[in-house]
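Enquirer: build the 3D model from these lines:
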Amino acid sequence: MSSNLKATIEKIKSLEAEKKDLQIELETLRKMADAKANTLENEVGVLRNEVKALKILMDPPEPTPK
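Expert: Model (predicted):
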């Protein structure tokens with residue numbers, strides 16, 4: 001085999017290994033992003049409820065006339 005062919009084969013092997021590592025890293029990052037999005041969604045829901053409760057507390061409804 002020529003040295004040029006050997007170098008090409010080694011380059012292909014190296015790139016395939018890097019591709020596999022990047023795919024694993026990408027999947028991990030996707031899972032982390034999904035978890036962060038879920039956490040933020042829950043936190044936003046809690047904050048919305050707090051805002052709603054405080055608005056009710058600060059502006060109670062007018063009493064109904066009898």
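Enquirer: centroid-nearest residue for the chain?
Expert: Using C-alpha atoms, centre = their mean, the residue of the chain that lies closest to the mean C-alpha position is A33, 1.5 Å off.
Enquirer: quick one: L57 from K13, how far?
Expert: Counting by C-beta to C-beta, to the nearest Å, the gap from L57 to K13 is 66 Å. All C-beta spots, glycine's among them, are computed from the backbone N, C-alpha and C.
Enquirer: repeat that for E41.
Expert: Taking C-beta to C-beta as the measure, E41 and K13 are separated by 43 Å.
Enquirer: how many residues are close by N49?
Expert: Taking other C-beta atoms under 10 Å as the criterion, the count of residues near N49 is 10.
Enquirer: helices of this structure, residue ranges please.
Expert: For the chain, the helices defined by DSSP state H cover 3-58.
Enquirer: state the pLDDT value of D59.
Expert: We note a pLDDT of 89 for D59 in this prediction.
Enquirer: what does it show for phi and psi?
Expert: The phi and psi values for D59, taken as degrees, to the nearest 10, are phi -130, psi 70.
Enquirer: give the burial count for it, as a bare number.
Expert: One way to gauge burial is a neighbour count; for D59, by other C-beta under 10 Å, it gives 8.
Enquirer: count of neighbours near E25?
Expert: 10.
Enquirer: where does it land on pLDDT?
Expert: pLDDT at E25 comes out at 98.
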